[in-house]
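Peer 1: have a look at this prediction, sequence included:
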Amino acid sequence: MKFRTKAACCMILLMALFFAAGGSALISVTFHTSLQQEKASAHESYRMILNTLQIVNSMDEWTDEKDISKILEQLSSLDSFGAALQLHSQTELLYSKGAAAAHFKNLSEQIDTTHLACAIFYAPDTRYYLQLSGSFFVGREIYYLDAAYDISSIYEARTQQQDLYQQIFLILTAACACFSYILAFFLTRPLARLSKASREIACGNYDYRSRVRTNDEVGAVSRDFDLMADHLQNSIEELQDTMERQNQFIGNFTHELKTPMTSIIGYADLLRSQTLSEEDEADAAKYIFSEGKRLEHLSLKLLDIFVSQHEAFTLAKASPSDIITRLVAHLQPVLAREQILLECDCEEGYCMLDTDFFGSLLVNLIENARKALSENGRILVSSVMTTDGCLVKVTDNGQGMPKAALSHLTEAFYRVDKARSRAQGGAGLGLTLCAEIARRHGGMILFESEEGCGTTVTVTLKGGRA
């Protein structure tokens with residue numbers, strides 16, 4: 001059963017219960033009010049008869065039952081004195097009038113000269129009567145007077161009210177059923193949209209949203225659902241991008257392995273299967289050695305990246321200026337042989353760094369700058385302190401890079417000039433490692449370059465100030 005049907009049934013049931021209780025209570029109160037009014041009127045009429053008999057008895061004492069019967073006959077001729085009268089002593093019936101008198105109840109044990117007894121009985125003529133019984137003395141003998149008053153109109157009115165109530169109840173129930181279902185339909189329509197959104201997303205349509213714009217709990221659930229769907233879509237897109245990068249990484253890695261391995265196997269097979277001159281053997285061995293070193297360099301870079309991603313960073317108080325100055329002093333003689341000038345300009349200060357990875361970051365950036373330079377090149381390494389760490393820049397006056405290449409520089413195995421990079425021993429992993437080190441320090445790496453003018457790499461590290 002659908003929720004809207006359940007809601008409509010609940011509303012119908014509640015309406016039926018409350019309307020039934022209210023209608024029954026109203027009919028009951030109306031009936032008892034009318035009955036009390038009839039009782040009050042009957043008591044007044046009965047007291048009038050009883051008082052009349054007592055007054056007559058006090059003025060002129062009765063000698064026999066005929067005198068009493070005559071008075072009762074005169075009183076009963078009046079319509080206001082009920083449907084039946086009966087006078088009797090403890091032993092005999094003295095007077096009786098009206099068909100209902102035959103159905104009087106014996107209430108003599110419930111009354112005395114100061115209290116009346118009251119009862120309701122149902123006569124075979126399908127009418128209801130109110131019986132009032134009282135007593136009085138005639139001389140020393142006690143007499144009992146019973147009077148019946150027709151109250152069938154009250155019961156008939158109650159029956160008519162009940163019949164009318166049943167008709168109204170059925171009409172209202174039918175109307176309530178229609179309006180309840182319509183109301184439940186509009187109230188649960190946002191839930192249907194939310195359910196459809198769930199099915200659409202389950203079927204792979206991650207762009208679908210429920211977009212319920214109501215200011216109630218359903219609207220809140222819809223907004224939370226759409227927010228969850230946004231996060232899910234972003235996560236799926238990130239996962240797809242990650243898988244795509246992994247597939248690209250595997251493809252590039254396979255290609256990087258294939259080229260040197262093919263050369264190594266080819267030259268090794270040549271040395272194994274043929275007799276070569278000393279010069280050819282030396283060239284083959286040299287080529288096998290250089291390709292082996294390139295594979296070693298590739299494996300070490302991959303290992304560095306793996307370690308940077310999975311090993312916990314140990315941040316300690318360090319001076320970026322000291323680390324840069326020592327590294328530049330160590331590399332200056334090496335680069336000077338290639339006619340490349342390496343300089344540094346650092347601001348003094350301390351921050352939290354992983355010194356080993358920070359050194360690896362600097363080496364890779366300087367090595368990438370070196371590969372872009374020719375004779376009379378210049379590399380400047382500078383650093384400034386920031387509120388939450390430090391900022392390092394590596395600037396060169398090399399050949400630069402096209403703008404389209406800047407967004408791909410941190411991708412594994414990406415090279416702007418593949419032929420030149422491979423000839424220089426590059427695997428396209430250095431900047432990937434630099435980006436990971438910056439990320440683990442809470443920072444980022446940015447590139448600015450112009451072809452023919454050089455490149456500036458800016459690394460922001462946010463490990464905190466010491």
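Peer 2: Perfect, thanks for sending it. Note that the coordinates shown come from a computational prediction; the quantities given were computed from them, not determined experimentally.
Peer 1: which elements pack onto the host helix or strand of I168?
Peer 2: Element membership of I168, judged by DSSP states H and E, is helix 152-202. Counting contacts by 3 or more CB pairs under 8 Å, 6 or more residues apart in numbering; DSSP states H and E, helix 152-202 packs against helix 3-59, strand 127-138, helix 217-273. Bear in mind the C-beta positions are built from the backbone N, C-alpha and C, glycine included.
Peer 1: and the second one, what's buried?
Peer 2: Applying a neighbour-count criterion of 16 or more other CB atoms under 10 Å, the buried positions in strand 127-138 are R127, Y128, Y129, L130, Q131, L132, S133, G134, S135, V138.
Peer 1: measure stretch 394-403 end to end?
Peer 2: End-to-end distance of stretch 394-403 (CA to CA, to the nearest Å): 18 Å.
Peer 1: I'd like the average pLDDT over that stretch.
Peer 2: In this model, stretch 394-403 has an average pLDDT of 88.
Peer 1: and that stretch, what's buried?
Peer 2: Neighbour count says stretch 394-403 has V394, T395, D396, N397, G398, Q399, G400, M401 buried, by 16+ other CB under 10 Å.
Peer 1: who are the contact partners of the residue nearest the centre of the chain?
Peer 2: For the chain, the residue lying nearest the average C-alpha position, counting by CA atoms, centre = their mean, turns out to be V221 (4.0 Å). Counting by CB atoms under 8 Å, 6 or more residues apart in numbering, V221 touches L194.
Peer 1: what of M352?
Peer 2: M352 makes contact with L315, A316, K317, A318, G389, G463, G464, R465, A466, according to CB under 8 Å, 6+ apart.
Peer 1: got the phi and psi for it?
Peer 2: phi -90, psi 120 (degrees, to the nearest 10).
Peer 1: quick one: it from R440, how far?
Peer 2: 12 Å (CB to CB, to the nearest Å).
Peer 1: next up, the contacts around M444.
Peer 2: Residues in contact with M444 (CB under 8 Å, 6+ apart) are A435, A438, V459, T460.
Peer 1: if you skip the residues just before and after it, what's nearest to the last one?
Peer 2: What that stands for is T460. G443 (4.0 Å; CB to CB, 6 or more residues apart in numbering).
Peer 1: tally up the residues packed near the one you found, please.
Peer 2: Residues lying near G443 (other CB atoms under 10 Å) number 22.
Peer 1: for L239, same thing?
Peer 2: 10.
Peer 1: repeat for L17
Peer 2: 10.
Peer 1: how near is it to L461?
Peer 2: 71 Å.
Peer 1: show me where the stretch 351-466 of the chain has its helices.
Peer 2: Taking DSSP state H, counting those that start in this stretch, the helices of the stretch 351-466 of the chain run over residues 355-371, 418-423, 430-440.
Peer 1: so can I have TSV of those helices showing mean neighbour count, mean pLDDT and distance to S34?
Peer 2: Compiled in TSV, those are given as follows (neighbours: other CB atoms under 10 Å; pLDDT from 0 to 100; distance: least, CB to CB, whole Å):
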stretch	mean neighbour count	mean pLDDT	distance to S34
helix 355-371	20	86	98
helix 418-423	13	47	107
helix 430-440	22	83	89
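Peer 1: which one of the ones you listed lies closest to D216?
Peer 2: The closest of the helices of the stretch 351-466 of the chain to D216 is helix 430-440. By CB to CB, the value is 42.8 Å.
Peer 1: between the closest one and helix 355-371, how many degrees?
Peer 2: If you take axes from the mean of the first three to the mean of the last three CA atoms, to 10 degrees, helix 430-440 sits at 150 degrees to helix 355-371.
Peer 1: which strands and helices sit next to helix 430-440?
Peer 2: helix 278-310, helix 355-371, strand 444-450, strand 454-461.
Peer 1: so how far is that helix off the chain centroid?
Peer 2: On the basis of CA atoms, centre = their mean, to the nearest Å, helix 430-440 sits 39 Å off its chain's mean C-alpha point.
Peer 1: and stretch 101-116, by the same measure?
Peer 2: 72 Å.
Peer 1: returning to that earlier point: show the pLDDT at the residue nearest to T460.
Peer 2: 91.
Peer 1: check the one 5 residues further on too.
Peer 2: At E448 the predicted local confidence, pLDDT, stands at 91.
Peer 1: which residue is the nearest non-sequential neighbour of it?
Peer 2: In space, E448 is closest to T456, 4.5 Å off (CB to CB, 6+ apart).
Peer 1: minimum pLDDT in the contacts of M352, which residue is that?
Peer 2: Minimum pLDDT across those is recorded for A466, with 75.
Peer 1: next, count neighbours for that one.
Peer 2: With other CB under 10 Å as criterion, A466 counts 14.
Peer 1: run a quick neighbour tally on M48.
Peer 2: Around M48 there are 14 other residues, counting by other CB under 10 Å.
Peer 1: how near is it to L342?
Peer 2: M48 sits 133 Å away from L342, taking CB to CB as the criterion.
Peer 1: Q274 now?
Peer 2: 46 Å.
Peer 1: N376 too?
Peer 2: 13 Å.
Peer 1: higher neighbour count, the two?
Peer 2: L342 (23 against 9).
Peer 1: got the contact list for the closest residue to L361 other than its chain neighbours?
Peer 2: Counting by CB to CB, 6+ apart, L361 lies nearest to I437, which is 4.7 Å off, once chain neighbours are set aside. Counting by CB under 8 Å, 6+ apart, I437 touches S308, D354, F357, F358, S360, L361.
Peer 1: which one is the third one nearest to, not counting chain neighbours?
Peer 2: Leaving out its chain neighbours, the residue that sits closest to F357 by CB to CB, 6+ apart is I437, at 4.7 Å.
Peer 1: quick one on the thing from earlier: can I get the buried residues of strand 127-138 in TSV with distance to L270 and pLDDT?
Peer 2: Putting the buried residues of strand 127-138 into TSV (distance: CB to CB, whole Å; pLDDT from 0 to 100) gives the following:
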residue	distance to L270	pLDDT
R127	131	87
Y128	128	90
Y129	133	91
L130	132	91
Q131	135	89
L132	138	89
S133	139	89
G134	143	87
S135	146	85
V138	156	72
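Peer 1: how many residues are close by the closest residue to I340 other than its chain neighbours?
Peer 2: Setting aside the residues directly before and after it, I340 is nearest to G377 in space (CB to CB, 6+ apart), at 4.4 Å. For G377, the neighbour count with other CB under 10 Å is 20.
Peer 1: isn't G377 right up against D396?
Peer 2: Yes: counting by CB atoms under 8 Å, G377 does reach D396; the two are 6.6 Å apart.
Peer 1: where in the stretch 151-300 of the chain is pLDDT low?
Peer 2: Along the stretch 151-300 of the chain, the model assigns pLDDT under 70 to residues 245, 248-259, 294, 297-298, 300.
Peer 1: hmm, try it at 90
Peer 2: In the prediction, the stretch 151-300 of the chain carries residues with pLDDT under 90 at positions 151-153, 169, 172-300.
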